[in-house]
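Trainee: Here is a sequence together with a model predicted from it:
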Amino acid sequence: MEETGITVSDVALRRAAEEGMDEFLKVFTDKYLEVTGGKVNAEAMPLLNGYQHTLLGYRVFCEEVSEGGFVQLIQNGYGPYIFLNPFAKAMRLMGAKKFSKLIYEAREVYDAHRKDLERECNDDEFMAMYEQYEVFDELEEQFMEMEEEVTAIVANYVDGHLGFFAQVVEEE
């Protein structure tokens, strides 16, 4: 197995796992954000492996879509990270098949309207995008309904393949 170069504490993982799946995954993604300087850009790409990017992508996706939907996700610059990388395929391979299909559906809208969705805009134009791209509403609702299940699938996968995501060390 390939060394990830990223370590997480066994104690921190156990403590987080007791608090729930979200906290368990956060131990990893917090470390990834620390390594990348909190950025998800071209410079950060070589700092993480594909598994780590997938897990970080899931965190970004959850936070952005839960807070402001697909429009916010794309306007905040994460469209390419989610839609132009093998994120959806990786989610399917982890077992989150329904979620993967949802990402592919959202990507169709993204691909068809990318230039408009990514353009610089003021607050009024940004808010107008929510009406213009109501097609995202149903996908966002579907995600909210499946988020807990998807998080469980992802956490289970990570737990079963820890070495892909970080080296677990005994020290704190």
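Mentor: It's in. Numbers count the residues shown, from 1 in each chain.

Trainee: What ranges in this protein fall below the confidence cut-off?
Mentor: 1-4, 172 (pLDDT under 70).

Trainee: residue nearest the centroid of it?
Mentor: What sits nearest the mean C-alpha location of the chain, by C-alpha atoms, centre = their mean, is Tyr58, with 1.8 Å.

Trainee: need the contact list for that one.
Mentor: Contact analysis of Tyr58 by C-beta atoms under 8 Å, 6 or more residues apart in numbering lists Leu25, Phe87, Met91, Val150, Val154. Every residue, glycine included, has its C-beta placed from N, CA and C.

Trainee: Repeat that for Ala112.
Mentor: Counting by C-beta under 8 Å, 6+ apart, Ala112 makes contact with nothing.

Trainee: what do you get for Ile6?
Mentor: Lys31, Tyr32, Val35, Leu48, Gln52, Phe165, Ala166, Gln167.

Trainee: Can you turn the buried part of those residues into a PyMOL selection?
Mentor: To isolate the buried subset of the contacts of Ile6 in PyMOL, counting by 16 or more other C-beta atoms under 10 Å, use the following:
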select buried, resi 31+32+48+52+165+166
